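Q: Next come a sequence and a model predicted from it.
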Amino acid sequence: MADKFNDEMVEDAPAATTAADVEMAEGAAGSVAATENPTGSELPFAESGPDDAPPPRVTFLQYLTSPIVTLLIGSGEDATILTAHQSLLVQSPYFAAACAEFADDGSPRQLELLSEDVEAMGCFLEFLYTGDYFPKKVPGQRTLEKDPSIPDVDMTGEQLLKHAKVYTLADKFGLTNLKNLASSKIHCVNSTAKGEIAYARYIYQFTPKEDTSVRVPVANFWATRSHTLRSEAEEEFRSLCLEFPQFGYDVLTRVLDEKLKRERNEKMHPGAPSSARKRARHSSTAA
């Protein structure tokens, strides 16, 4: 049986409305507050002081009437063309700076993102338009909505990697709410030891050492469960430690810290039963 998380989950990003005559609330068409407009021109928001009148009502139609930006994802035969409305894209500081370079002469607006993952970009754009991306979290539960095409147990790490890639993309583009949402979905995936290995490898390759949202939980997870998970994927675990010595060091540090903590508790409370440590994230063995 898969264990449940003990981490406090991050609240879902608010869902956006699709009706053209409904006001866009803060975060509904994305994760950045509407008043944070890096370009100062594209988003139809007016700055107001404490004594000023409320900003004018903004409809979804006003976003849709902004210029279309073409996004070239990948290169060569694998290249994919996506499009998005500029007023939604500029909620990201990354795209706000890029779009500020466009000339207002009617010429095509195109950005090349040759190294980005097309599926992660699709989730990014879905979030901008709707405030969430598939699969959504089930309200009040630590699970994701069901998809018949996705197995209940992530055998290879594919599901974990999907959300991990959205996380790193959101970090690059400066959308904190999307980062938080992706991180919370990672904690809803039920996976095997090999799936966790693939996920840990990605995290240690593409996140900075200072990251505490996903990298620290990875090390804590393996420090807590390595004695059982290693036996399920010992060769993969060994390869990961050799490929990313920082991973092995982080896991070992947490194991030793926990050992020291137990020794101190035993000295302070001799004879007291030690508390069992709970799982930090899902994992299950392959069938």
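A: Okay, I see it.
Q: Tell me, how many residues neighbour residue 199?
A: Residue 199 sits with 26 neighbouring residues when counted by other Cβ atoms under 10 Å. Every residue, glycine included, has its C-beta placed from N, CA and C.
Q: For the residue lying closest to it once chain neighbours are set aside, list the residues it contacts.
A: If the residues on either side of it in the chain are set aside, residue 199 comes closest to residue 160, at 3.9 Å by Cβ to Cβ, 6 or more residues apart in numbering. By Cβ atoms under 8 Å, 6 or more residues apart in numbering, residue 160 lies in contact with 154, 186, 189, 191, 195-196, 198-199.
Q: The residues you listed: which two are farthest apart?
A: Using Cβ to Cβ, the two most remote members of the contacts of residue 160 are 186 and 198, lying 12.6 Å apart.
Q: neighbour-wise, which of those two wins?
A: residue 186 (26 against 21).
Q: Surely that one is in contact with residue 166?
A: No: between residue 186 and residue 166 there is no contact under Cβ atoms under 8 Å: 9.3 Å.
Q: For residue 129, see how far away residue 122 is.
A: From residue 122 across to residue 129, the span is 11 Å (Cβ to Cβ, to the nearest Å).
Q: which stretch of helix or strand covers residue 231?
A: If you go by DSSP states H and E, residue 231 is part of helix 215-232.
Q: What is that helix packed up against?
A: Contacts defined by 3 or more Cβ pairs under 8 Å, 6 or more residues apart in numbering; DSSP states H and E place helix 215-232 against helix 193-206, helix 234-243, helix 245-268.
Q: If you average pLDDT over each of those helices, which is lowest?
A: With a mean of 86, helix 245-268 has the lowest mean pLDDT of the helices and strands packed on helix 215-232.
Q: Check the average confidence over stretch 136-143, would you?
A: Confidence for stretch 136-143, expressed as mean pLDDT, is 92.
Q: Oops, could you answer that again for stretch 91-108 instead?
A: For stretch 91-108, mean pLDDT is 92.
Q: list the buried ones in that stretch?
A: Neighbour-count burial for stretch 91-108, counted by 16 or more other Cβ atoms under 10 Å, picks out 91-92, 94-96, 98-99, 102.
Q: Beyond whatever helix or strand the residue nearest to residue 199 lives in, next helix or strand please.
A: Take DSSP H and E as the rule and residue 160 turns out to sit in helix 158-173. Moving toward the C-terminus from helix 158-173, the first helix or strand encountered (DSSP H and E) is helix 176-186.
Q: Summarise which helices and strands that following helix is packed against.
A: Secondary structure elements in contact with helix 176-186, counted by 3+ Cβ pairs under 8 Å, 6+ apart, are helix 118-130, helix 158-173.
Q: ok, now with 7 Å
A: Helix 176-186 is packed against helix 158-173, with contacts defined by 3 or more Cβ pairs under 7 Å, 6 or more residues apart in numbering; DSSP states H and E.
Q: sorry, back to before: what's the angle from the helix holding residue 160 to helix 118-130?
A: 70 degrees (axes from the mean of the first three to the mean of the last three Cα atoms, to 10 degrees).
Q: Buried residues in helix 158-173, which are they?
A: For helix 158-173, using 16+ other Cβ under 10 Å, the buried residues are 159-171, 173.
Q: For it, list the C-alpha coordinates in CSV.
A: C-alpha atoms of helix 158-173 as CSV (Å, rounded to 0.1, in the frame of the first residue of the first chain):
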residue,chain,number,x,y,z
GLU,A,158,7.2,9.7,-16.4
GLN,A,159,4.5,11.3,-14.3
LEU,A,160,6.9,12.7,-11.7
LEU,A,161,9.1,14.1,-14.5
LYS,A,162,6.1,15.8,-16.1
HIS,A,163,5.5,17.9,-13.0
ALA,A,164,9.2,18.3,-12.4
LYS,A,165,9.7,19.8,-15.8
VAL,A,166,6.8,22.2,-15.3
TYR,A,167,8.4,23.2,-12.0
THR,A,168,11.8,24.0,-13.6
LEU,A,169,10.1,25.8,-16.5
ALA,A,170,8.0,27.9,-14.1
ASP,A,171,11.2,28.8,-12.1
LYS,A,172,12.9,29.9,-15.3
PHE,A,173,9.9,32.0,-16.4
